[in-house]
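Q: curious how this folds, go ahead:
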Amino acid sequence: MKQCHALVWHTQQVLRDVRLTGPVASWQLVAIPDGDEGCCIRVEFVADGALQKGRKWRISNFMVRTEIIQTAFKAVLVAMEHEVREKFLYRGKAVFGPHVSIDALWEACDTLDVRAESSLAAGGSNER
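A: Next comes the predicted model:
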């Protein structure tokens, strides 16, 4: 457990130099314990009146500062994409939503929408 606390402390020290600006200025990068020896980075922020917590990104005891910062960057990118996926609506539904069941996606994967090479050239339309 001592090694875990040391890794969390070290990760927090590295993250002190990260500044989030623009639309993510209020977001926080936090280092949290993970098991007896591990540590994770997670993005936390308030949206829609509730605390949102991103997925955990594992930090290894062997990571150098650059790898920790790159992992933090990836955590922010994925959290941003998650938010966009929730807010990008097609006909009122988040069709690219991050919470769609993997089984529902599997069911839909045989339903393809591909263009025939000549349909637009022949005056066809992609509109529905």
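Q: buried residues in the lengthiest strand in the chain?
A: Longest strand of the chain, by residue count under DSSP state E: strand 38-47. By 16 or more other CB atoms under 10 Å, the buried positions in strand 38-47 come out as 38, 39, 40, 41, 42, 43, 45. In this view, the C-beta of every residue, glycine as well, is placed from N, C-alpha and C.
Q: can you tell me how far the fifth one is from residue 92?
A: Noted for residue 42: a distance of 31 Å to residue 92, by CB to CB, to the nearest Å.
Q: cool, the last one as well?
A: Going from residue 45 to residue 92 by CB to CB gives 25 Å.
Q: what's the lowest-mean-pLDDT helix or strand in the chain in contact with?
A: When each helix and strand of the chain is scored by mean pLDDT, DSSP states H and E, helix 2-15 comes last, with a mean of 86. Defining contact as CB atoms under 8 Å, 6 or more residues apart in numbering, one finds that helix 2-15 is touched by 29-39, 41, 59, 61, 65, 68-69, 72.
Q: stretch 25-43 now?
A: With CB under 8 Å, 6+ apart, stretch 25-43 has contacts from 1, 3-5, 7-8, 11-12, 15, 18, 20, 44-46, 53-59, 61, 68, 71-72, 75-76, 79.
Q: swap the cut-off to 7 Å and go again
A: Contacts to stretch 25-43, defined as CB atoms under 7 Å, 6 or more residues apart in numbering, come from residues 1, 3-4, 7-8, 11-12, 15, 18, 20, 44-45, 53-54, 56-59, 71-72, 75-76, 79.
Q: just the buried ones from these?
A: For the contacts of stretch 25-43, a burial check counting by 16+ other CB under 10 Å picks out 4, 7-8, 11, 15, 45, 54, 57, 59, 71-72, 75-76, 79.
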